[in-house]
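[1] Show me the folded form of this:
(chains A, B, C, D, E, F, G and H)
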Amino acid sequence: MQTVAAVDKLVIAGVELRSRLFLGTGKYPDDASMLTALEASGCELVTVALRRLDLDDPKKKTILDVIDWKRYRILPNTAGCRTADEAIRIARLARSMGLSDWVKLEVIPDPRYLFPDPEETLIAARILVDEGFKVLPYINADPVLARKLQEIGTVTVMPLGSPIGSGQGLQTLEQIRIIIDEASVPVVVDAGIGAPSDAALAMELGADAVLVNSAVALARDPGLMAEAIKGGVEAGRKAYIAGRMPRRGHASASSPTEGISRPN
Amino acid sequence: MQTVAAVDKLVIAGVELRSRLFLGTGKYPDDASMLTALEASGCELVTVALRRLDLDDPKKKTILDVIDWKRYRILPNTAGCRTADEAIRIARLARSMGLSDWVKLEVIPDPRYLFPDPEETLIAARILVDEGFKVLPYINADPVLARKLQEIGTVTVMPLGSPIGSGQGLQTLEQIRIIIDEASVPVVVDAGIGAPSDAALAMELGADAVLVNSAVALARDPGLMAEAIKGGVEAGRKAYIAGRMPRRGHASASSPTEGISRPN
Amino acid sequence: MQTVAAVDKLVIAGVELRSRLFLGTGKYPDDASMLTALEASGCELVTVALRRLDLDDPKKKTILDVIDWKRYRILPNTAGCRTADEAIRIARLARSMGLSDWVKLEVIPDPRYLFPDPEETLIAARILVDEGFKVLPYINADPVLARKLQEIGTVTVMPLGSPIGSGQGLQTLEQIRIIIDEASVPVVVDAGIGAPSDAALAMELGADAVLVNSAVALARDPGLMAEAIKGGVEAGRKAYIAGRMPRRGHASASSPTEGISRPN
Amino acid sequence: MQTVAAVDKLVIAGVELRSRLFLGTGKYPDDASMLTALEASGCELVTVALRRLDLDDPKKKTILDVIDWKRYRILPNTAGCRTADEAIRIARLARSMGLSDWVKLEVIPDPRYLFPDPEETLIAARILVDEGFKVLPYINADPVLARKLQEIGTVTVMPLGSPIGSGQGLQTLEQIRIIIDEASVPVVVDAGIGAPSDAALAMELGADAVLVNSAVALARDPGLMAEAIKGGVEAGRKAYIAGRMPRRGHASASSPTEGISRPN
Amino acid sequence: MIGLQVNGKLIELDGPILLTDYLDKLGITPRGVAVEHNGMIIERDAYPTTTLHDGDVVEIVRMVGGG
Amino acid sequence: MIGLQVNGKLIELDGPILLTDYLDKLGITPRGVAVEHNGMIIERDAYPTTTLHDGDVVEIVRMVGGG
Amino acid sequence: MIGLQVNGKLIELDGPILLTDYLDKLGITPRGVAVEHNGMIIERDAYPTTTLHDGDVVEIVRMVGGG
Amino acid sequence: MIGLQVNGKLIELDGPILLTDYLDKLGITPRGVAVEHNGMIIERDAYPTTTLHDGDVVEIVRMVGGG
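    Numbering: from 1, shown residues only, chains lettered A, B, ... in the order given. Modelled structure (predicted):
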């Protein structure tokens, strides 16, 4: 809706983003399907990771060569870091490339469920915010942790719905509801979204955006799924603005209950 | 998506419908908001009820005067009928108006939860199908009942997600999943849908369409909610075609787990 | 609790039963584990099926020989019947053995999910009630169907929680809640119960009893699981009588909020 | 079951406890109902809070006078503390009374949902463990936080099911499942349990114990509810040991599918 | 004078009247309604030949918003 | 020689036989079974007076474990 | 006359007093309370040798029902 | 001959070399990488003035697809 779109902007760290769907770039079958998905998703913010250059094939194309960065905004993550120190180092390396001072802060000691470490995340966030980074922290759905991070000055909080890559949807729904209720910075639901209904539900709760990767990359048709999730995000946001009907314990007829004609 | 839209048609009783969202016309604040919602929903099939002419104000505009029926297909319902006999009579009266031989069959003895009567619905369906009606029966989410109705020759089955007007979403999800799994006619999820996430979820399960009324009519902004639910339906359908990722009990990293650079 | 037990009787068809747990006798690893489970469950009502005598081994012990029927009340079922006619015939054969005029009415055309046929169940119930049977019908969780059966004169209604032997628990919780809310005969939740928490939940909702088979027979230790589910049923019933606390959206401190001592 | 009870001991900090249900002593209508509930619950470990002596009525009976501490083990909590410093001070004051060196560590800055602060909880836990306290920390259901606390040397972890006093049950079920899966110290589900089914479910997941207060204190009949929740805890524990049946997507008949007799 | 029951109400008319004329009197077009006459549904093309007599029972229904 | 269909199987017997005697032959007590003879259920007290003839169809059922 | 702050309230006493005597004055047994004196927790065996002076800050806490 | 540790591997070079020249040798443009030299991050404008010596530890990282 023009009118809605016109007034309903997502602004993070003073930057207005054209889409409330952020897309990850991992795990696609190939570059072509990733590019199709990026295009179809309508997203602006795109996450990437830092890894060692492969000395055996240093000239190999990187994601920087593949994606047209005039059309997308890069968000480096600290995936793979297990401590605050490791994450701070990777954030600094990423910034030194001169592409962005934003960082998706992930401090993940746990290889099985990939849950983040709340204490190390706070330590890293304090230092990175002091150094002028725009920090988007990936966290478990802990309302107190979320509040402390926004007090530190992170530009978003990004609570998980369920484990990364699990596609289980919003297992943490009630706590995400509370985080949104109390947040003064944009809340981005990250991890666990497996289908448009999950994305729509997050937006209906009042989330400001969602970050998706596996649900698109691992779909049978990533491009079409990217479009589907884009639709779910937009639908959920519109519903949030439109104000949903209250839930009722009983039924309420949709057709008039007077003037019914019955056999004489 | 052109390509998808091109191949993905909904056909009921040999009629190709341009939208998988069916809209009810009850309970809107006023005609204007109803017309805005119809327009925004992109729907083709629109349900109406039959009621006695008000002899004290016989000239009062009816829904036939208000809606541009060149753009919408009318689906009379038998709302208010408590028995097969009452429903059959209303279906015949509706058809005698020459607008349609389709009928949304509702046989509802229960005023509190508005659940349909499976036995009377079967009785009415047999007779109406024999008389050449295209019958779209509203039923509880009972897979055996659904199978019997399609064997009788109804052109859809329309299981409920939760009580009419309750906005509780898909309380009957598991049984709807089974109905879809076994159906040979289009499955339309009717009643209970309260938000786009509910509509998207129904479509992701493989439902062919959804019928919505209260969620739109009772939203703070019916027009915007109609657009939102339209988006949810389309997103869910696309996801169904795109093939969602499998749910996993564990996590699976979105960033590569090799080549991680750590402090020396 | 003496006091509670004293006032809280389950009476079906004028017969007072000493336990709200009914146990099935199918699928146990062996007779010994079945007998241990029956003993541990504290149940009185026990379901059995009718099958053809094996002419190649006519003297083989039957369940009538194995179980001490002075301690248990037999409830023959019509499992395996796909139509009203088949079920009526089996009910009559069962009664002709002179053991009971009670019958668990199952009319199940669907081999995959084993859901009952509502129409055939109504037909059979009408005839069997006329013939003086005490009918305990197994039904999908359809409140209108439940009401019609009790109007016909069945002595209970037995809605399913989820498919027989699936152990999925109360997928139909909301509709079971409504059936209980409207019932004038005992409501027995049958099928789907997989653990004590499921049984307790059914009883907390106000169910009068639960019927369990697979959860006990397929447990690693059937005897201990029978005892566990007995405990769940009793706990849930006590909670129903004790009146549970209301659910709240917010928190409410358990410790006093005044008189807190803080560092000066 | 004797045999089970005999082998299935709960041991915390080297102390064997006779019950897996821990009970809080707040919010009862009166002392009599609290004492009845304690008795009926069969619990051994009982939580209490520290508050300022009321100088206007210093002789007023305290909980120390009311409860027979020969029969119960006292567990002081730090409820009301918002920071590590406040909690450490209260823990020390409690220990100086010479009743116990155990402490239920609660650091709760959030008055609305009473969620604990993960960082301050870690800080307090490190110091209290160093000082020889047996620390039982109340935490949000964060598996990484739980692991760090047990590495620090807390004698349990106590993840919440839902907000204190909300009675919403196990909203955090999936994360509690993971905490249990990874724990090397007893896992006590604390907060949110509203009925026996919640307690049974926690135990079926493999929790070692549950801590309940509001569900008992706010029930219409606290004594009977205490007995009910005791039953739920024991039933859930037995089911965990008995090994529940697997959940299945389809049905599986409880009666034999061969030898069915049908009309000729 | 004749008396009819229309939509549950007693209506008095000067005498027997064609259904088409009665609908005219009400100021409505046949297009928007369906009519049951003494328990029988009247197809639209039979309106001009259907006469309402004393004691007849008539139901006239129209479409309204519904779900 | 006569032939019966019992529980779907063809059985040969020397000649007509009382139901009670046939059950004896099988070595089972009437108490544990129910019998349908040519589509009619036979009450237990009628076993001694029920004769099985050539071509009869008999169903003999018993109780088994079930849910 | 001396003034103490006890549990946040200003208390006047005739003069310095032993903690044990002050608890006696309040009519409570040491067993049921814990005491912080000028920010330091006082172990029970130190009560008899702890004197409260003018301006001291004292916290006396007890156990209450809690979850 | 000098030896460096680059991305965890031992690399032999003829002698000390400027970082820019080493990247040239690898055939990559500075634009696509970030470099840590003996634990210090090197800003791009310092590449031409940074010399890699025997025993130095170098990490060269690049962007890859990630979530």
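
[2] what about the closest residue to residue A:118 other than its chain neighbours, how many residues close to it?
    In space, and not counting its chain neighbours, residue A:118 is closest to residue D:118: 4.3 Å by Cβ to Cβ, 6 or more residues apart in numbering or on different chains. (Glycine included, C-beta is placed from N, CA and C.) Look at residue D:118: counted by other Cβ atoms under 10 Å in any protein chain shown, it has 28 neighbours.

[3] doesn't residue A:147 make contact with residue D:118?
    No. If you go by Cβ atoms under 8 Å, residue D:118 and residue A:147 don't touch, sitting 11.4 Å apart.

[4] Would you state the strands of the stretch 151-264 of chain A in chain order?
    A:158-159, A:188-190, A:209-212 (DSSP state E, counting those that start in this stretch).

[5] nearest to residue D:97, of the ones you listed?
    Residue D:97 sits nearest to strand A:158-159 of all the strands of the stretch 151-264 of chain A, at 40.3 Å, using Cβ to Cβ.

[6] excluding its backbone neighbours, what's nearest residue 8?
    Chain wasn't specified; assuming chain A. residue A:241 (6.4 Å).

[7] hm, I was asking about chain E
    residue B:52 (7.4 Å).

[8] count of residues packed around the residue nearest to residue A:8?
    18.

[9] for the one 5 residues further on, same thing?
    When neighbours are counted by other Cβ under 10 Å, residue A:246 registers 9.

[10] hang on, isn't it packed against residue B:167?
    Yes. Using Cβ under 8 Å, residue A:246 is in contact with residue B:167, at 6.7 Å.

[11] what is in contact with those two at once?
    residue B:218 (Cβ atoms under 8 Å, 6 or more residues apart in numbering or on different chains).

[12] what about chain E, any weak spots by pLDDT?
    Along chain E, no part satisfies pLDDT under 70.

[13] quick one: residue A:223 and chain C, what's the gap?
    34 Å (Cβ to the nearest Cβ, to the nearest Å).

[14] Next up, the contacts around that residue.
    So residue A:223 contacts A:33, A:36, A:37, A:39, A:40 (Cβ under 8 Å, 6+ apart).

[15] Residue in chain E with the shortest distance to chain A?
    residue E:67 (2.3 Å; Cβ to the nearest Cβ).

[16] neighbours around that residue, how many?
    Applying other Cβ under 10 Å, we find 30 residues neighbouring residue E:67.

[17] what's the distance between it and chain D?
    As for residue E:67, its distance to chain D is 32 Å (criterion: Cβ to the nearest Cβ).

[18] Which residue comes closest to that residue once chain neighbours are left out?
    residue A:254 (2.3 Å).

[19] May I have the predicted confidence score for that neighbour?
    Confidence at residue A:254, expressed as pLDDT, is 88.

[20] Neighbours of it, how many?
    Neighbour tally, residue A:254, other Cβ under 10 Å: 27.

[21] Looks like residue A:254 contacts residue B:26 (just checking).
    Yes. With contact defined as Cβ under 8 Å, residue A:254 counts as touching residue B:26 (4.0 Å).

[22] Now the common contact residues for those two.
    B:213, B:217, E:66, E:67.

[23] Out of these, who's the most crowded?
    residue E:67 (30 neighbours).

[24] quick one, what contacts it?
    Taking Cβ under 8 Å, 6+ apart as the test, what residue E:67 contacts is A:253-255, B:24-27, B:47, B:49, B:77, B:79, B:164-165, B:211, B:213-214.

[25] again, but for residue E:14
    Contacts of residue E:14 by Cβ under 8 Å, 6+ apart are E:1, E:2.

[26] about what we covered before: which residues does the residue nearest to residue E:8 bridge with?
    Legend: beta-bridge partners of residue B:52 under DSSP bridges are residue E:61.

[27] Check whether the residue of chain E at minimum distance from chain C sits in a helix, strand or coil.
    At 18.8 Å from chain C, residue E:67 is the closest residue in chain E, using Cβ to the nearest Cβ. Three-state assignment for residue E:67 (DSSP: H, G, I helix; E, B strand; the rest coil): coil.

[28] residues in the stretch 101-250 of chain A within reach of chain H, list them.
    Counting by Cβ under 8 Å from any Cβ of the partner chain, the positions of the stretch 101-250 of chain A adjacent to chain H are A:164, A:165, A:211, A:213, A:214.

[29] what does the model give the first one for pLDDT?
    What that stands for is residue A:164. 89.

[30] now the helices: where do they sit in the chain?
    Unless you meant another one, I'm taking chain A. A:2-7, A:31-41, A:63-66, A:84-96, A:118-130, A:143-152, A:173-182, A:196-205, A:214-217, A:222-242 (DSSP state H).

[31] right idea, wrong chain: chain E
    E:19-26.

[32] Quick one: name the residues of chain A near chain D.
    Applying Cβ under 8 Å from any Cβ, one finds that chain A approaches chain D through A:109-110, A:112-113, A:115-119, A:122, A:140, A:142-145, A:147-148, A:162, A:168, A:171-175, A:178, A:182.

[33] again, 7 Å this time
    Neighbours of chain D within chain A, by Cβ under 7 Å from any Cβ of the partner chain: A:109-110, A:113, A:115-119, A:122, A:140, A:142-145, A:148, A:162, A:171, A:174, A:178.

[34] ok, of these, which come out buried?
    Neighbour-count burial (16 or more other Cβ atoms under 10 Å in any protein chain shown) is assigned, among those, to A:110, A:113, A:115-119, A:122, A:140, A:142-145, A:148, A:162, A:171, A:174, A:178.

[35] so where do the strands sit in chain E?
    For chain E, the strands defined by DSSP state E occupy E:2-6, E:9-13, E:17-18, E:33-37, E:40-42, E:51-52, E:57-65.

[36] For residue F:21, find the nearest of these.
    For the strands of chain E, the distance to residue F:21 is smallest for strand E:40-42, at 67.1 Å, taking Cβ to Cβ.

[37] That closest one pairs with which strands, and in what direction?
    For strand E:40-42, pairing defined by DSSP bridges yields strand E:33-37 (antiparallel).

[38] quick one: the strand it pairs with to helix B:84-96, angle?
    130 degrees (axes from the mean of the first three to the mean of the last three Cα atoms, to 10 degrees).

[39] Mind exporting the C-alpha coordinates of strand E:33-37 to PDB?
    These are the backbone C-alpha positions of strand E:33-37, laid out as PDB (Å, rounded to 0.1, in the frame of the first residue of the first chain):
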ATOM      1  CA  VAL E  33     -35.300 -11.500  -4.500                       C
ATOM      2  CA  ALA E  34     -36.400 -15.100  -4.300                       C
ATOM      3  CA  VAL E  35     -40.000 -16.100  -3.500                       C
ATOM      4  CA  GLU E  36     -41.600 -19.100  -1.800                       C
ATOM      5  CA  HIS E  37     -45.400 -19.300  -2.200                       C
END
